[in-house]
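>>> This is a predicted model, with the sequence first.
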Amino acid sequence: MTRINVQVDGADYADDVEPRMLLVHYLRERLGKTGTVVGCDTSNCGACTVHLDGRSVKSCNMLAVQADGHTVTTIEGLATDGELHPVQAAFRECHALQCGYCTPGMIMQSVDLLNENPNPSEEEIRTGLEGNLCRCTGYHNIVKAVQTAASGGASA
Amino acid sequence: MRPAEFEYVAPATVEEALSALAEAGEDAKVMAGGQSLLPVLRMRLNVPSVVVDLGRIDSLRGVRDDGDAIVIGAMTTHSDVFADPLVREHALLLTKAVEQLADPQVRHRGTFGGALAHADPAGDLGAPALALDASFVIAGSGGSRTVAADDFFEDLFTTAVQDGEILTEVRVPKHTGWGAHYEKFVRVAHQWPIVAVAAAVNADGGTISEARVGLTNMGSTPLRARAVEQALVGQSATDEAVRAAAASAAEGTNPPSDLNGDADYRRHLATVLTRRAVLAAAGA
Amino acid sequence: MTVTEDRPAEQAHEIGSARRRKEDQRLITGRAKWTDNVMLPGMLHLAMVRSPFAHAKITHIDVSEAKKSRNVVTVLTGADVADEQGALPCAWPIAEDQKSQAHPSIAVDRVTFAGEIVAVVAARSADEARDAAELVDVDYEELPAVVDLKEAAADTVLAHPDLGTNKSAFWQFDSAGAGTGGSVDDAIRDAEVLIEREYRQQRLIPAYMEPRSYAVDPTGEQYVMWSSTQIPHILKLMLALTLGIPESKIRVIAQDVGGGFGGKLQVTPEEVITMLVARRTGKPCKYTDTRSESMMAGHHGRDQWQKLTLAAKRDGTVTGLKVDLLANMGAYLGLVTPGIPILGAFMFIGIYKFPAYQFNCTNIFTNLTWTDAYRGAGRPEATYAIERMMDQLAAELDMDPIEVREKNWIKHEEFPFTTVAGLEYDSGNYEAATARAKEMFGYDELRAEQKRRRESNDPVQLGIGVSTFTEMCGLAPSRVLGSLNYGAGGWEHAQVRMLPSGKVEVVTGVSPHGQGHVTAWSQIAADRLGVPFEDIEVLHGDTQVSHKGLDTYGSRSLVVGGSAVVAAADKVIERAKPIAAHLLEASVDDIEFEAGRFSVAGTDKGIGIGELALASFSAHNLPDGVEPGLDADATFDPSNFSFPHGTHLCALEIDTETGGVKMRKYVAVDDVGNIVNPLLVEGQVHGGLVQGIAQALWEEAVHDAAGTLVSASFVDYLVPTAADTISFDTDRTVTPSTSNPLGTKGVGEAGTIASTPAVVNAVVDALQPFGVSDVQMPCTPERIWKAIHGSGAGGGEPTEKGAMPHFDEDQSPNVATGTDTAQGDVR
C-alpha cells in the first residue's frame, strides 16, 4: 500500500492504495466518482478522460499513485455552484449524446480542446477528439456542440 | 482488466532510479509516461515485480540549447515537445511528428524518451529521430554513455538501453532552417501508422542541398532511406525529380504484413508517402 | 370544489418539437447509474477463465492454486454446475428439423469457440478475482476447428462432431410456391440481362461503449439482477426458464445502459453465471467485461456469403431475383441467431417490383463466437445486396443508377403495395425522397466533376454512391412472428398513472439505452393528456415497475411502444369522462376532452385533468360503481410492419496512389413517417450512418486460421473517430405509416441499413475507369489499391493476418526479462 494525497473536484483525499490500482478505479471505487467510466483496456476510447492539473489524461492509463500530489477534475467537478459548464450545456442543447457512456470523457476532452484553442475549426475539433470513441452519435452533433460552446451559444 | 501486483518506486533522481533498478533485478520495469506500459500491465502481458516510475525526476524534463544541438529530456511530454520553441526552430521534423502522435490525452502524459525507448517500429518518433541523427544519452551504474541513432534501435521493442540502464536525454543536432514534414498513413485516426515517412529537407532556391528521410513501420525498427536522401541531393524540388528519388524508398526494408496491409502494399506506400513528405518538407 | 381550471388556450404541440432530452442532465454531469456502479455490502467480484482455443476437449482443470489465492471465495468449473446451469435459450428455431447444440454457460467437456468460459472465480475484489483466474490451470486437447464459412458449409471439419453436419437449418421463400409471384427459374431462363454476383457480409462486432456488466443480489426475497441489457423483460423470463427459478422470484433492472445496437439483445452466459454464483454463495456478485471480453465473447453480427442472380430486360426492367445465403451462426444459436438472416428474407427485393423472387438460406455452424442481432439484423445484409445489384445492373446497361432504380421502384400512387415477398408496404414516396436528395447533393454537378476527373486521369477520382432503401420495422405483428416460429409476440405495453398531485407517470415496456424514449414518451403523453411535458415521468427498465414488455430492438420502440402510450393515455381519458360528467353534472355523452380539459359541450363548464385526478384519488364524490384512480394499462400490437425508406447519396474521393478514401459529402433523406422529436430522429440517423459507413470502410472481426479473434481490441477493430467522419446533410420526407396511431415508422436502424451500400457503390463507381466491379468490405486502402492495380479480384482476399502487436512485449527477444525497453509510451 502506498499513501497518496490527491485533490479531486476540489476536495482533498488521503488514501492508502495498492500501486497497481488505476486512477479510474480509485476514482470510481474509492471515491465513488462513478461519473468517470472505463470503456477499454488499450487507451483508445477515452471514456475515462479526466483533467490532471488542468490537462486531459486518460485515467485508465495511469496509476492512482501517479496522481499523488496532483489535482484531478472529473466530469462531476465541472459544473460550478450547480451551473453547468458551457460545454455540458452545449452537449445537451445540440443532442450530442445518446447513451451517454462516452459523454464524460468526450466533454472533458472538449473542455481541454477549447482551453487550448478557443476558436477551433471543424477539422481542429475533429482532430482534437481523435482520442475519444462514440458509438451512438456519429460525432455530427458532438462537433456541433463544441462549436456551439466555442461561440458561447448554449446557456446552462 | 487490472494489473497484477507489483512494487512501486518513484525515485527523485536518476541515481536513485539506477539503484532502485539494480536492487530490483531483472523483473523490474521502468515507467516513463506509461502510455504504452499501462495497457501492457492491464492485460498482464508483462508482470513485473517492481515498477520504477521516473515521473518524479524533474531533471529529466525540458528542452535546452546546447550549442550545435538541442537536448530533450527523456521525460519531456509529447505536448511539451510540440509546444517547445527550440524544437520548432531547430528540429521542426520532431514538432511535425509529435503533433500527429496518438491523441491529445496521450500526448499530455506520454514522454519523448519513453516512446523512443519503447521502440515500437510503428511509433512516430523513431523515424524522425533517426532522420535527424539524434544521439541517445543512457545512464547506467558505470556512468553515462551516448549511442548514435543508427545504433540505438536494435529490433522490435529493443534498443541499446540495457538492463539496469535508463535513457536520460536525446541530443538532436540542429537542423535550423530545414523544412520538414511527417506523412502518416492510417485507416482511422487512433491507429498506429500503417506506414509513415519523416522528411527534413534543406532546400535553397528550390534546389535540395541535403535531405533526411526516415521510415516508420517498414521493418522491425525505424529505418533511414539513405538511397532516397542521396538521390535527392542537388535535385530541384519538383514532383518529377522527387518522384524519381522516392522510387527507391522501400529498398532494403522488411515491412510487416498484417490486417492493415501486406508487405508489398507497404513498400508501395513508402514510395508515395516519401514523395509527398519530401515535397511538403521542401515547401513545394 | 371548483369545476373550472384555466389552461392556456394555446398549448403548443409537443409532438414534432425538438425538445432537449430529459435524460441528459444526469449524463452530462456524471450522475448516470451504470450497472458497474452497483456496489453492495460483501459483494463478490467475478472473473472468467476463457478458452484460448476455438475447438478443444477440456481434459483437466486444476483450480487448487486459484482457490488458495488471496480472498477467493469460490472457483466453479462447468463440471461443478453441469446439473444446475441449464442451457442458454434460443427463442427462434426457424425449421422443424433445425440442428442445434446445447449451449452451456460454462463449458463442461468441450469448448467450441475461443473466448468460451471454462471456469469462474469469485473473490472479494475484482483485482483478486483476476489474480486467481490466472492461476486456473486448464488442460486442453485441441480439436480441428472450422473457421471459414464456406469450408464449414462443405462439412469437411465439423464444429460439433455429434451433429454430423455444420448445417443447422435451411429456409426458403419462393414466390411461385407462395403464390406471390412467378417462378424465378423461368425469369432467369428468359433473362435478357443476367447479373450474378457474390458478396461478403463481413463479421462485425457491435462495440457498444459500455462493456457488458451484471450484478446479482440474492439476499432478499427475490434475486435482483442489474444488467446492461436491452431486454430486461425477456431476460427475466429466460433466466427463470434456464435456471428453474420461479419467474416471480426474479427482478431485472436495466438502469442506464451504455448502448446496445442489438449486442445487448441476448441472454448471456455471464448473466447466468453471475446468477449461479450469487445463488451458490448467497452473496451479491458482480461481473464486468473487459473490452476484449466484450469483443470476443459478446455476440457478433452479420457474417454471410450472398450469391445473387438478378434477371432483367435490356431496358432495365427487373424480372427476377434469386438469393442464396450462407449465414454464419458461429458456435451456438443465441437468443434469435437463426432468425437474423430470415429477417432479411423479405427485404432483398428492396423497393422494386420484382415479378419473381426466391430466397434460400442455409444456417451454418463454425467454431467462432456466435452471431446474433446487430443494428439492422438481416435487413442491412439484404439492402446491401439489392442496392449493389441495382448499381451493377445500371453499369451493365450503361444507365444512370438512379434511372434504373426509378424504372423499377413502386410509384407513390401504387401504395399500399403487396410485394413479391408477400409484405404489404403501406406507404412511401420514393420519388419525393430521391428528388430532395438529388437537389441537396448537387447530383448533376458532382457527376460533371467526376467526368472531368476521369478525363484528366486525376490521381484523385470521385465516386458517387446511391442507396434507395426500405426496411421492415416496428417489430412486430405478433401473428407474423408466430408464423415465423418466433418464441414470443411483438406487442408492447404501457401504463399511464395519473398522480393526485397532477403529475403523470408513464410506464413503458420498452427498454431505452440511449434512444431518448423518456423525452419522446413525455411528448406523446403531454399532447395526448394535455399536461405539461415537465410533469411527466417515464419509468422503465425495472421489471418490478414495468412489469410487462418486450423491450427495445428492431426499430420497434416508438412504433409499437409509443403507440401503447397513446392507447393507455386514451384509456385514462375514457376512464375520466364519467367522473368528469358526474362532477360537472352533465351526461357522459356531452363530455369533450381537449388540451387537458374535460368540458361540457356547448357550455363553459369544465375541469382540468389534474384536478380530476385528485378528485378521483380522494374518491369523495365518485359516481356509483366507479373505482378510484384514473390509471390505465394498454398494449399495442401492430397490424403490420412499418416501412421507413429513404434515398442516400454519397460522394467520396479515392486517392488512387494509396487507395485511401475521403468522404466528401453525404446526403440522407429519410422518410420515417411522422416525427415525434426531430432532434432525436436526426441523432439516430447520424449514428446509424457512421455505423453503416464503418462496415463499408473500416470494421471487420478478423480471425486467424486457428479461430482466434485478432481484432479483439479497439487497436485492431477500427471504430471510427470524429477525425475519420464528416458532418452529414440530412432531411426528411413524411408519408405517415398507416399501421399505428402515431403514423411513425421507426428510425433506429435506417442510417445503418442505407449507408453501407451507398458508400461501397461510391467506391466502386470511383473505380469504374479501372474496370473494377466490386471491392470486398471493408474497403480498405489496400483492397482498393489492389483492385485498381488488378492484383486480387476486387481486393477480395480475406483478411486474416494478425496486426503487428503494439502491446505484446513477448514479441521482443529481450524484453520479457528486460527492465528498460518498455520505458513507457510508444504513443
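Cool, the structure landed. What you are looking at is a predicted structure, and each value in this text was computed from that prediction instead of being measured.

>>> how about the nearest residue to A:His85, chain neighbours excluded?
Ranked by C-beta to C-beta, 6 or more residues apart in numbering or on different chains and with sequence neighbours excluded, the top spatial neighbour of A:His85 is A:Leu78, at 4.5 Å. The way it works is simple: take the backbone N, C-alpha and C, and place the C-beta from them, glycine included.

>>> again with C:Gly282
Setting aside the residues directly before and after it, C:Gly282 is nearest to C:Pro218 in space (C-beta to C-beta, 6+ apart), at 6.0 Å.

>>> Check the gap between whatever residue of the stretch 151-300 of chain C ends up closest to chain B and B:Pro39 for me.
Residue of the stretch 151-300 of chain C nearest chain B, by C-beta to the nearest C-beta: C:Thr290 (4.6 Å). Using C-beta to C-beta, to the nearest Å, C:Thr290 is found at 11 Å from B:Pro39.

>>> neighbour count winner among the two?
Using other C-beta atoms under 10 Å in any protein chain shown as the criterion, C:Thr290 and B:Pro39 rank with B:Pro39 on top: 25 against 21.

>>> Contact partners for that one?
Applying C-beta atoms under 8 Å, 6 or more residues apart in numbering or on different chains, one finds that B:Pro39 lies in contact with A:41-43, A:61, C:807.

>>> out of those residues, which are inside helices?
Per DSSP state H, helices hold no members of the contacts of B:Pro39.

>>> so what strands line up beside the helix or strand harbouring B:Val197?
Per DSSP states H and E: B:Val197 is located in strand B:195-204. Here strand B:195-204 is paired, per DSSP bridges, with strand B:179-185 (antiparallel), strand B:207-216 (antiparallel).

>>> How about the secondary structure of the residue of the stretch 151-284 of chain B found nearest chain A?
Residue of the stretch 151-284 of chain B nearest chain A, by C-beta to the nearest C-beta: B:Ala189 (4.0 Å). Judged by DSSP: H, G, I helix; E, B strand; the rest coil, the three-state class of B:Ala189 is coil.

>>> any idea how far it lies from C:Phe728?
Separation of B:Ala189 from C:Phe728 (C-beta to C-beta): 18 Å.

>>> Please identify the helix or strand for the nearest residue to the residue of the stretch 151-300 of chain C closest to chain B once chain neighbours are set aside.
Nearest residue to C:Thr290, sequence neighbours excluded (C-beta to C-beta, 6+ apart): B:Met1, at 4.6 Å. Assigned by DSSP H and E, B:Met1 belongs to neither a helix nor a strand.

>>> Now do the same contact list for B:Met1.
B:Met1 makes contact with A:41, B:42-44, C:130, C:290, C:292, according to C-beta under 8 Å, 6+ apart.

>>> Contact partners for the residue most central in space within chain A?
Residue closest to the mean C-alpha point of chain A, counted by C-alpha atoms, centre = their mean, is A:Met108 at 3.0 Å. A:Met108 sits next to A:49-51, A:56, A:73-75, A:78 when contact means C-beta under 8 Å, 6+ apart.

>>> Strands - which of those residues land there?
Among those, the ones falling in strands (DSSP state E) are A:49-51, A:56, A:73.

>>> So which bits of the stretch 601-750 of chain C are right by chain B?
Taking C-beta under 8 Å from any C-beta of the partner chain, the part of the stretch 601-750 of chain C that reaches chain B is made up of C:657-658, C:660, C:697-698, C:700, C:702, C:710-711, C:714-716, C:718-721, C:723-724.

>>> Of those residues, which qualify as buried by neighbour count?
C:657-658, C:660, C:697-698, C:700, C:702, C:710-711, C:714-716, C:718-721, C:723-724 (16 or more other C-beta atoms under 10 Å in any protein chain shown).

>>> related to what we said a few turns ago, next one: the strand holding B:Val197 to chain centre, how far?
Centre-to-centre, strand B:195-204 and its host chain are 15 Å apart (C-alpha atoms, centre = their mean, to the nearest Å).
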